[in-house]
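Q: Take a look and give me a structure for this.
(one chain, ligands or ions: 1)
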Amino acid sequence: MIDVINPATEELITSLLPDNEDELSRKFSLAQDAQKEWASTSLKERKAVIARFDKVLSKHKQDCARTLTKEMGKPITQALHEVEGTSTRISFFLEHMEKTLQDETVLKSASMVEKITYEPLGVIANISAWNYPYFVGSNVFIPALLTGNAVLYKPSEFASLTGGKIAQLFEEAGLPVGLFQVVIGGGNTGSMLLEKPLNGVFFTGSVGTGRKISAAVASRFIRVGLELGGKDPAYVCDDVDVGTVAENLVDGAFYNAGQSCCSVERIYIHEKVFNNFTEAFCEKTKKLVVGDPLREETYIGPLARKTQINFLNDQVADAQGKGALILVTGGAKEGKGWYYRPVVLGNVDHSMKVMREESFGPIIGLMRVKNDSEAVKLMQDTTYGLTASVYTKDGDRASEILGDMNTGTVYWNCCDRVSPALPWTGRRDSGLGSTLSKIGILSFVQPKAWHMRKT
Ligand code: NAD
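A: Below is the predicted model:
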């Protein structure tokens, strides 16, 4: 059974029966049949269903947000923000679908016409993480459905109720039966799902699971998208307003209790502003409200997973053992709930796990650097490649630094930000392929090349 536990109270909300082999086979063949018909409908019809889904989502947004808060501890204002933000992404897809999928005639001569058209992949699996189930889920299932695919959506075992909610919303929106089905279960169920003759797998989660998924389907040459972890750096130059930047980076590091793939996980600070920045950062961190995620004033709720407490404690102990200083003393809270108050570490270096391994929680290391080239070297001293940010008043300086980053996303004077119009893509251990933007739409179709000679 999958026990759904409220991380704020440690109470059992419900227990769910994971899908077995027979159930997965039944769901797959239902999806396969439904997809054939769906692919033959017009884009206009498909868009009408997704537009209705958007309306239904908006109607139920409070309920969706509360469910998310209860099952994974995200503060209610942040949960609502995620549900509402999903609408912005849906609008982008609705607006850009036609143009992106348009047939393109690339050659027209007296004897020959060449053109490109796009066809859906077929039945895809969407195996998802728990930290932003609406965002990372909709990045996949909305464009996948709009382009004519069927989706077997496996939410994380820590967001199963949200998975069920999304299926209900599709039902209310009138999506034909079988096109979006939820697969309940954990890693074993996910791995059984991969044995079905899928036409694509789109995964969001950890690097370790990403590797397993990639290996499991490698011999089948199906489309694979992997959105994995990060150890995202920020660099604070010597020409900034430290108060403003500290405020922005506290948010970038601790929003959703630091459980975002693009959370800022390490900060390098030019020595000229190091002391002032550190003071401002610590002061603002201490003011963050940690507590009941159902209360509107809460900024940091409990961690979604109990095991993460030991993982974070280990990173802090490792850093302390190697000479780090605790600048803000946080850590696990006594009593019920998997709460973890933010920890800020100083005097850190790259021998410490906290500067190298993804933390995925409210802990951060602040490191002094002498100049831009030292900052660039340290920012790039990682196996990840998701995002990197730089704070400076000088645009040329920012472009030069960000140009050196081997990451899918770069930020100037901002961080921890996703736009539906830009591709969301990781390099190296942060993943493969893109979602969002027109590139993310094309992830769900296969091109067909037409060579047409006039006789
Ligand atoms: P996870 O890897 O533990 O699980 C992700 C999903 O994979 C879950 O649904 C899980 O049940 C399933 N799974 C586990 N083992 C499997 C297997 N062998 N075969 C098939 N499926 C399997 O990750 P998580 O804890 O849910 O998510 C946190 C991670 O996700 C972090 O590393 C975070 O950075 C990453 N993430 C990345 C992005 C991005 O866009 N790059 C977005 C959100 C989260």
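
Q: Point me to the residue of the protein nearest the ligand.
A: Nearest to the ligand in the chain, going by C-beta to the nearest ligand atom, is Gly190, at a distance of 2.3 Å. Glycine gets a C-beta too; all of them are placed from N, C-alpha and C.

Q: how many neighbours does that residue have?
A: Applying other C-beta atoms under 10 Å, we find 23 other residues in the vicinity of Gly190.

Q: give me every residue that touches it.
A: By C-beta atoms under 8 Å, 6 or more residues apart in numbering, the contact list for Gly190 reads Ile127, Lys154, Val183, Thr209, Ile213.

Q: Any of the residues you listed buried? List them.
A: Among these, those scoring as buried are Ile127, Lys154, Val183, Thr209, Ile213 (criterion: 16 or more other C-beta atoms under 10 Å).

Q: Distance of the first one relative to Val140?
A: Computed with C-beta to C-beta, to the nearest Å, the distance linking Ile127 and Val140 is 9 Å.

Q: so what sits against both of those two?
A: Counting by C-beta under 8 Å, 6+ apart, the residues touching both Ile127 and Val140 are Phe202, Thr204.

Q: before we move on, which element is the residue of the chain closest to the ligand in?
A: For Gly190, the host element (DSSP states H and E) is helix 187-193.

Q: Grab the most central residue of the chain for me.
A: Val136 (4.8 Å; C-alpha atoms, centre = their mean).

Q: quick one, what contacts the spatially closest residue to Arg89 that is not a sequence neighbour?
A: In space, Arg89 comes closest to Pro420 once its chain neighbours are excluded; the distance is 4.5 Å by C-beta to C-beta, 6 or more residues apart in numbering. If a contact means C-beta under 8 Å, 6+ apart, then Pro420 has Thr88, Arg89, Ser91, Phe92, Phe93, Leu436, Ser437 as its contacts.

Q: One more: Thr407?
A: Thr407 neighbours (C-beta under 8 Å, 6+ apart): Asp232, Tyr384, Gly385, Leu386, Thr387, Ala388, Gly426, Arg427, Ser430.

Q: what pLDDT does it get?
A: In this model, Thr407 is scored at 98, pLDDT.

Q: Spell out, range by range, the helices that occur in the stretch 51-200 of the chain.
A: 61-72, 76-101, 133-146, 160-173, 187-193 (DSSP state H, counting those that start in this stretch).

Q: Would you reformat the ones you listed as CSV and include mean pLDDT and distance to Ala332?
A: Converted to CSV, the helices of the stretch 51-200 of the chain look like this (pLDDT from 0 to 100; distance: least, C-beta to C-beta, whole Å):
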stretch, mean pLDDT, distance to Ala332
helix 61-72, 98, 18
helix 76-101, 98, 21
helix 133-146, 98, 25
helix 160-173, 98, 25
helix 187-193, 98, 25
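
Q: what would those helices look like in TSV with distance to Met112?
A: Putting the helices of the stretch 51-200 of the chain into TSV (distance: least, C-beta to C-beta, whole Å) gives the following:
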stretch	distance to Met112
helix 61-72	52
helix 76-101	24
helix 133-146	32
helix 160-173	44
helix 187-193	44
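
Q: Point out the most buried one among the ones you listed.
A: helix 133-146 (a mean of 26; mean count of other C-beta atoms under 10 Å).

Q: Is any residue of that one near the ligand?
A: Yes. Residues of helix 133-146 contacting the ligand under C-beta under 6 Å from any ligand atom: Val136.

Q: Please apply the same query to stretch 359-371.
A: Yes. Using C-beta under 6 Å from any ligand atom, stretch 359-371 comes into contact with the ligand via Phe360.

Q: and that stretch, how far from the chain's centre?
A: 21 Å (C-alpha atoms, centre = their mean, to the nearest Å).

Q: Repeat that for stretch 34-50.
A: Taking mean C-alpha positions (C-alpha atoms, centre = their mean), stretch 34-50 and its chain are 27 Å apart.

Q: okay, now Asn131: neighbour count?
A: Counted with other C-beta under 10 Å, Asn131 comes out at 24.

Q: Need the nearest residue in space to it, chain neighbours excluded.
A: Gln259 (4.7 Å).

Q: Can you tell me what sits against the helix or strand harbouring Leu345?
A: Following DSSP H and E, one finds Leu345 within strand 343-346. Contact with strand 343-346 is made by 278, 281-282, 285, 312, 316, 319, 324-331, 354, 362-366, as judged by C-beta under 8 Å, 6+ apart.
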